[in-house]
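Asks: I need the structure of the sequence given here:
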Amino acid sequence: MAENYYICNDMAIFNAILTINRNDYINRNRRAMINIYQILSDKQWGGPEQYAYDLISQIKEDGNKFYTEIVTQNRPKIIEHFRSLEVPVSILPLKSLSDLDSSLRLARQIKRGNNILHVHNMKDAATAVLACRISENPNNRVVLTSHSVERPKTSFWYRRILKDIDHIIFSSRVSYNEFIDHAKRFDRSRASVINDSIRPMLNYNETYDLRKACEIDADKALILFHGRVCKEKGVDVLLRALTQLDKSTYHLAIIGDGDKRFTKRLRSFIEANQLEHNITMLGYQPNLQELLVQADFGVLPAAWREPFGISNLEYMMLGKAHIATNNGGQVEYLQHEHNALLVNPSDFSELAAAIKRLIDDPQLRHRIGMQAQADFESRLSYKHFYSQIIDLYNSLYAK
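Replies: Next up, the predicted model:
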C-alpha cells in the first residue's frame, strides 16, 4: 500500500456506502484459507499491540493455515517491532470515520477470500466495516476486541457500526457486563468473554543484569512498574507512595513509554523529592520478560478500571508477587493476600503500606508469587486463550 493518502469528509458518501446490505451475500461460496488482518492505530506500543503480536507469533509457531497481516499507522517504533514477526505490515492513515481513503485501500485487499478484520477500537471498526461494504465480499468478517471498560455510545454512527461488527470479544466479565447491560437490542450471541493472556518467552538472556545496569545495591528490593507511563496507570500515585518509604530499602525501575508532558512532570517530581538514586526510568524495552524475571516484585497501581490487565499476568506467569488495584477486571483472577496484594486506586498511603510489606517480607513475596504462577498455569495460560481465539475465527465461517 502506498503511503500517500487523502481524507474524505463527505459523510453523505459514507452514509450511502454504509446502507449496502451485506446480509444478501452471506451464504455465497467461500475459500478455505482465512486471512487475518490485525488493525491497530494506537500512537504507542500498548496492550492491543502486544495482544496482536503474541497472537501472530503463536499462529506462525502453530502452523495454522492463516494468512496474517498487520495494518497500522506510520509509526516507526511500532512498525519496527511488528516487522520482527516477518509478516506483511501495511501502512494506512486510520484517522477517523471520515477517513474514506483507508477503507477504500483496505477494501482492495479483501475483495476475495475469507478475511477477518480484527480491530481493537471503534474507530478502526468503522474503517473495517466500511471496507467490507465497499469490497462487496460476503466472506469478510469484522471482529472487535474491547480493551476498555465502557458503556456503548448512543450516537447514530456508533450504533450503525456496531450493527455490522460480527463479533465482540471482551477480556473480562466486568467489561462484558458494562457493555451488554447498556446495549439496547444487541444480539448477545455476537459477544463473548475470552480472558487475555501473555505468551511466555522460550529463553531468557541471563547476561543482562538489571541491578548492575541501574547500580542497585544488593540489599535493596528491586521493584518494577511496566506499561504505559500515564496518569491512568497510576504512575504518579506510585511515586507519591515511595516518598513515604525508607530510601535505603528499595529501587524502582519504570519500563515503558508515555506522554512526554506527563513523563516530564514525573521527572520533576523525582528531582524535587531527591529520588534520583531510587528510581530509574528505562523507557520502552523490547525484551520485557528478561527484566521482569529479575524483579523482587511488581507494582501496577492503575487508577482507571483495567479491562483485564495483561501486565498483571506477566508477573503471575513468572511467579512474581505484585501489587494491583481492585477496580477492574483484575479482581476476577486476583485475590488479596492469595496471589497478589490489592489496594484501592489513587490511595498512595495504602499503596505505600503494601509496598513496605513486600519489601520487609521475602517469604510473603515468594508465597504470593508461587500461588500466582499456579493460578496462571491452571486457568489463564496462553494455550487456553489461543484455542478460544482460533475456535472463534473458525466459527465465523461454520454456518
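
Asks: Leu292 contacts Asn312, correct?
Replies: No - assessed by CB atoms under 8 Å, Leu292 is found out of contact with Asn312, at 11.5 Å. Bear in mind the C-beta positions are built from the backbone N, C-alpha and C, glycine included.

Asks: of these two, who's got more company?
Replies: Remark: of Leu292 and Asn312, Asn312 carries more neighbours, 30 against 24, as counted by other CB atoms under 10 Å.

Asks: what about the helix or strand the more buried one falls within, distance to the chain center?
Replies: Counting by DSSP states H and E, the element that carries Asn312 is helix 310-317. Centroid separation between helix 310-317 and its chain, computed with CA atoms, centre = their mean, to the nearest Å, is 12 Å.

Asks: contacting residues around it?
Replies: Applying CB atoms under 8 Å, 6 or more residues apart in numbering, the external contacts of helix 310-317 come out as 47, 50-51, 196-198, 200, 226-227, 288-289, 292, 295, 297-298, 300, 306, 321-322, 324, 330, 333-334, 339-340, 369, 372-373, 375-377, 380.

Asks: now intersect the residues you listed with the helices, please.
Replies: Counted as lying in helices by DSSP state H, out of these, are 47, 50-51, 288-289, 292, 369, 372-373, 375-377.

Asks: put the alpha carbons of the helix holding Asn312 into PDB.
Replies: Presented in PDB, the C-alpha positions along helix 310-317 are these (Å, rounded to 0.1, in the frame of the first residue of the first chain):
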ATOM      1  CA  ILE A 310      -2.000  -8.100  30.700                       C
ATOM      2  CA  SER A 311       0.800  -6.600  32.800                       C
ATOM      3  CA  ASN A 312      -0.600  -8.400  35.900                       C
ATOM      4  CA  LEU A 313      -0.500 -11.700  34.100                       C
ATOM      5  CA  GLU A 314       3.200 -11.300  33.300                       C
ATOM      6  CA  TYR A 315       4.100 -11.200  36.900                       C
ATOM      7  CA  MET A 316       1.900 -14.100  37.600                       C
ATOM      8  CA  MET A 317       3.400 -16.200  34.800                       C
END
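
Asks: now for the nearest residue to Pro48 once chain neighbours are set aside: which residues touch it?
Replies: Among residues not flanking Pro48 along the chain, His120 sits closest, at 3.9 Å (CB to CB, 6 or more residues apart in numbering). For His120, the contact set (CB under 8 Å, 6+ apart) comprises 39-40, 42, 48, 51-52, 144-145, 147.

Asks: what's next to stretch 333-342, contact-wise?
Replies: Outside stretch 333-342, the residues that touch it by CB under 8 Å, 6+ apart are 195, 312, 316, 321-326, 330-331, 354, 357-358, 368, 371-372, 375, 379-380.

Asks: mean confidence for that stretch?
Replies: Across stretch 333-342, the average pLDDT comes to 97.

Asks: and it, how far apart are its ends?
Replies: With CA to CA, to the nearest Å as the measure, stretch 333-342 spans 12 Å from end to end.

Asks: and for stretch 225-244?
Replies: 18 Å.

Asks: skipping adjacent residues, who's closest to the spatially most central residue of the chain in space?
Replies: Among the residues of the chain, the one closest to the centroid is Gly47, at 1.8 Å (CA atoms, centre = their mean). What sits nearest to Gly47 in space, not counting adjacent residues and going by CB to CB, 6+ apart, is Ile310, at 5.2 Å.

Asks: then Gly298?
Replies: Leaving out its chain neighbours, the residue that sits closest to Gly298 by CB to CB, 6+ apart is His322, at 3.8 Å.

Asks: correct me, but the one you found touches Ala302?
Replies: No - with contact defined as CB under 8 Å, His322 does not reach Ala302; the gap is 11.7 Å.

Asks: who's more crowded, these two?
Replies: Comparing His322 with Ala302 by other CB under 10 Å, the one with more neighbours is His322, at 28 against 23.

Asks: what residues are up against the more buried one?
Replies: 297-300, 312, 315-316, 340-341, 372.

Asks: repeat for Lys163
Replies: If you count contacts by CB under 8 Å, 6+ apart, Lys163 has none.

Asks: hang on, the earlier thing: in TSV: the ones in helices among the contacts of helix 310-317, plus pLDDT.
Replies: Shown next, in TSV, are the ones in helices among the contacts of helix 310-317 (pLDDT from 0 to 100):
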residue	pLDDT
Gly47	85
Gln50	90
Tyr51	94
Leu288	87
Gln289	89
Leu292	94
Gly369	98
Ala372	98
Gln373	97
Asp375	97
Phe376	97
Glu377	96
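
Asks: quick check: Asp246 vs Ile368, distance?
Replies: The gap separating Asp246 from Ile368 is 22 Å, by CB to CB, to the nearest Å.

Asks: including distance to Arg159, could the contacts of His322 go into CSV?
Replies: Shown next, in CSV, are those (distance: CB to CB, whole Å):
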residue, distance to Arg159
Phe297, 45
Gly298, 40
Val299, 40
Leu300, 34
Asn312, 33
Tyr315, 39
Met316, 38
Ala340, 38
Leu341, 41
Ala372, 40
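
Asks: what's the ChimeraX line that selects buried ones from the residues you listed?
Replies: ChimeraX command restricting these to the buried ones, with burial defined by 16 or more other CB atoms under 10 Å:
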select :297,298,299,300,312,315,316,340,341,372
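
Asks: from the contacts of His322, which is closest to Ser135?
Replies: Using CB to CB, Asn312 comes nearest to Ser135 of the contacts of His322, at 38.9 Å.

Asks: rewinding a little: nearest to Asp124 among the ones in helices among the contacts of helix 310-317?
Replies: Tyr51 (13.4 Å).

Asks: surely the closest one meets Ile194?
Replies: No - applying CB under 8 Å, one finds Tyr51 not in contact with Ile194, separated by 10.8 Å.
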